[in-house]
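[1] can you look at this prediction? I've put the sequence above it.
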Amino acid sequence: MQRMNGHKEERDISTTINDVLTRGVGELIDPKDSFKEKLLAKAQGTYSKDIIIKFGVDVTRPDIHLGHAVVLRKLRQFQDLGCKIVFLIGDFTTLIGDPTGKSKVRPEIDQKEIEKNVRTYLDQVDKVLLVNRDPNGDIIDGPRFTWMRNSDWFYGVTDISVEGAGAITIENERKEKFPVPSSSFLAKAVLYENTRMQKSFLKHSTTYGVSFVNLLSILRHISFAQLIERDMFQDRIKGGEPLFVHEMLYPIIQGADSNVMADIYGSCDLEIGGTDQVFNMLMGRRVMEIAQKEPQAVMGMKLLVGLDGKDKMSKSLDNYISLLDSPEEMYGKVMSIPDQAMVEYFELATYTTKEEIERLLGGVTSGATNPRDAKMALARQIVEIYHGRKEAETAEKQFIQTFQEKRVPEDVRVLRAKLGTPLSEILVGGGIIPSKSEFRRLVDARAIKVGGTDALKDPYQKFSATMTLKIGKHEFLRIEAL
RNA sequence: GCGUAGGUGGCGGAGUGGUCAAUCGCAACAGACUGUAAAUCUGUCGCCCUAUGGGCUACGAAGGUUCGAAUCCUUCCCUACGCACCA
């Protein structure tokens, strides 16, 4: 009996693992299935080491959107299989700068901005992942999750400056204070975010530093041809566009990250990212091989298209659904995607089984199901994942009332203003409309409706009594007296 | 280092002394139609001003010529391509 049960479980685990390794996966590089075997062994309790999974975070845009969530949700599945996720915050790489950006920002300012972004980013993580936080809400090193930043090893001590001489001090058990020289490693640790530098890293700091010499010894194994074989680089060269050396170095630096992580955690078993990151992640394999370590497996997740149904979801194209969006916003945004994008959204953004997806979309093709209803099911499910069932139902109800029955929603944003203030001023001041010129255009286009029905015609109209405005397609707003 | 071609609005790309806030395409926004889908059609698309008009800021940067400059001159910065240098 027991033996049969054991068999059954084994098969279940194996199916689960297969599913985790395929669903939503665009590319998986795992020669000889060595990573898969680790997963199996872990599930069976025969693998005692941690399975470390690296995810590189770009902190230039801290909002997590549904596209990122595709990867995060995959990471969650790995957590459930017993793996440890390590976020590698690419703050150093970000700081070197995106060459397409025109502005030359001062590093100190940049560093602050990055710091803020790191916070924002990490604050959202537990929408999907299992993390441990201390009473202050800061993420602490846990069995299933931790994070680190590559500036920890790419900065040299000489890169550190201190505001005001002797600003940094340490205190011993006898409450005696000692100034810390700004050039010391400790000062660096204190300076950098005051601070959570990985304890394990601090202990071994000196051994993991990525010195210029070390970097060069890696570089001498990688040829120019290997680097520029990347599509993106080829396109640029053919297009007569500039390609800077540091950009070519990016993949290698990312690879060095994997290598350092393997030093710190004992291994770096898998790196996950979008399919657009596969080249970079493969470079991690290469660097690890050069350093004579077991190379990481690489998993490239399919890229989720944005609301336009064409380009990949990204903040810069403003075609994204943020995890911080309200249930109503989220629901509405999902409804606005083109029908063709539905399959992909089901596969990448929900837990709906393959069979269920096929059934639903089969119904749409045959005409038995209204595409709208399939999409509503999709929207409901996505909202449910991030906000819960109740919120999802409310959002759906409100969507129906607002857009199918054309009623003004009950809880809308409220702006308060003094009586007699021109509406234009209130809306621009409240950040609803970017400029007064834009306000005038909207008025001319009859795009602002009072009470949801009558178009506002007078651009100079002043605020006289509580009113509800509909601006454009989906912006509702109430103005109340101050 | 030398030479050639360039640097214009979110992107592509016109314009080479006044009629240029800058043709056009894409993107975006709004209206109509709809399922807040797609497609289509129409309008808008630097900022400010109670405006069929006026003002301000902008064509890599800084100066200059001119009544007047995105357009001419000078210097500087940046990019691509070629040559040279170096092997």
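    It's in.
[2] give me the low-pLDDT residue ranges for chain A?
    In the predicted model, chain A carries pLDDT under 70 at residues A:1-11, A:95-112, A:155-210.
[3] rerun that using 50 as the cut-off
    For chain A, the stretches flagged by pLDDT under 50 are A:1-4, A:98-108, A:157-167, A:170-184, A:190-207.
[4] residue of it nearest RNA strand B, please.
    Taking CB to the nearest atom of the strand as the measure, chain A has residue A:332 as its residue closest to RNA strand B, at 2.0 Å. Where you see a C-beta, it was placed from the backbone N, CA and C, and this is true even at glycine.
[5] can you name the residues that contact that residue?
    Contacts for residue A:332 were tallied using CB atoms under 8 Å, 6 or more residues apart in numbering; they are A:379, A:399, A:403, A:474.
[6] report how many residues lie close to residue A:418.
    Neighbour count of residue A:418, defined by other CB atoms under 10 Å: 11.
[7] pretty sure the residue of chain A closest to RNA strand B is in a helix, no?
    Yes: counting by DSSP: H, G, I helix; E, B strand; the rest coil, residue A:332 is located in a helix.
[8] returning to what we had before: by neighbour count, which of the contacts of residue A:332 wins?
    Neighbours were tallied for each of the contacts of residue A:332 (criterion: other CB under 10 Å), and the maximum of 24 neighbours falls on residue A:379.
[9] and for the residue nearest to it when sequence neighbours are not counted, the neighbour number?
    Nearest residue to residue A:379, sequence neighbours excluded (CB to CB, 6 or more residues apart in numbering): residue A:334, at 3.8 Å. Counted by other CB under 10 Å, the residues lying close to residue A:334 total 26.
[10] how far away is residue A:334 from residue A:363?
    Here the criterion is CB to CB, to the nearest Å. By it, residue A:334 lies 18 Å from residue A:363.
[11] same check on residue A:296?
    Separation of residue A:296 from residue A:363 (CB to CB) stands at 42 Å.
[12] kindly report the same for residue A:93.
    As judged by CB to CB, residue A:93 and residue A:363 stand 46 Å apart.
[13] those two: who's more crowded?
    Neighbour comparison, residue A:93 and residue A:363: the larger count goes to residue A:93, with 24 against 15 (by other CB under 10 Å).
[14] so which helix or strand takes in residue A:63?
    For residue A:63, there is no helix or strand it lies in under DSSP states H and E.
[15] who touches the residue nearest to it when sequence neighbours are not counted in this structure?
    Nearest in space to residue A:63, with sequence neighbours left out and distances taken as CB to CB, 6+ apart, is residue A:322 at 5.0 Å. For residue A:322, the contacting residues are A:63-66, by CB under 8 Å, 6+ apart.
[16] make it 10 Å
    With contact taken as CB atoms under 10 Å, 6 or more residues apart in numbering, residue A:322 is in contact with A:63-66, A:68-69, A:124, A:315, A:329-330, A:333, A:386.
[17] where does it fall, phi/psi-wise?
    Residue A:322 adopts backbone torsions of phi -80, psi 150, taken as degrees, to the nearest 10.
[18] beta-bridge partners for it, please?
    residue A:65 (DSSP bridges).
[19] related to what we said a few turns ago, correct me if wrong: the residue nearest to residue A:379 contacts residue A:345.
    Yes: counting by CB atoms under 10 Å, residue A:345 is a contact partner of residue A:334 at 7.2 Å.
[20] overlap in contacts of those two?
    In terms of CB under 10 Å, 6+ apart, residue A:334 and residue A:345 are both contacted by the residues A:66, A:321, A:375, A:378-379, A:381-382.
[21] can you narrow those residues to ones near RNA strand B?
    Restricting those to those adjacent to RNA strand B (criterion: CB under 7 Å from any atom of the strand) gives residue A:375.
[22] between the shared contacts of residue A:334 and residue A:345, which is nearest residue A:439?
    Sorting those by distance to residue A:439 puts residue A:321 at the head of the list, at 27.3 Å, by CB to CB.
[23] is residue A:146 within a helix or a strand, and which one?
    Secondary-structure element containing residue A:146, defined by DSSP H and E: strand A:145-149.
[24] so what strands line up beside that strand?
    strand A:84-89 (parallel).
[25] residues contacting the nearest residue to residue A:274 once chain neighbours are set aside?
    Closest residue to residue A:274 in three dimensions, ignoring its sequence neighbours and counting by CB to CB, 6+ apart: residue A:303, at 5.1 Å. Applying CB under 10 Å, 6+ apart, we find residue A:303 in contact with A:26, A:67, A:70-71, A:274-277, A:311-314, A:344, A:348.
[26] nearest to residue A:222, of these?
    residue A:277 (17.8 Å).
[27] identify the residues contacting that closest one.
    For residue A:277, the contacting residues are A:56, A:58, A:71, A:251, A:254, A:271, A:284, A:298-301, A:303, by CB under 10 Å, 6+ apart.
[28] likewise residue A:418?
    Applying CB under 10 Å, 6+ apart, one finds that residue A:418 lies in contact with A:425-426, A:462-463, A:481-482.
[29] could you rerun that using 7 Å?
    Taking CB atoms under 7 Å, 6 or more residues apart in numbering as the contact definition, residue A:418 lies against residue A:482.
[30] then residue A:455?
    With contact set as CB under 7 Å, 6+ apart, residue A:455 has these partners: A:446, A:448-449.
[31] let's see that with 10 Å instead.
    When contacts are counted by CB under 10 Å, 6+ apart, residue A:455 touches A:443, A:445-449, A:470.
[32] adding secondary structure and neighbour count, write those out as CSV.
    Rendered in CSV, the data for the contacts of residue A:455 read as follows (DSSP: H, G, I helix; E, B strand; the rest coil; neighbours: other CB atoms under 10 Å):
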residue, secondary structure, neighbour count
A:443, helix, 19
A:445, coil, 10
A:446, coil, 11
A:447, coil, 16
A:448, strand, 23
A:449, strand, 17
A:470, strand, 24
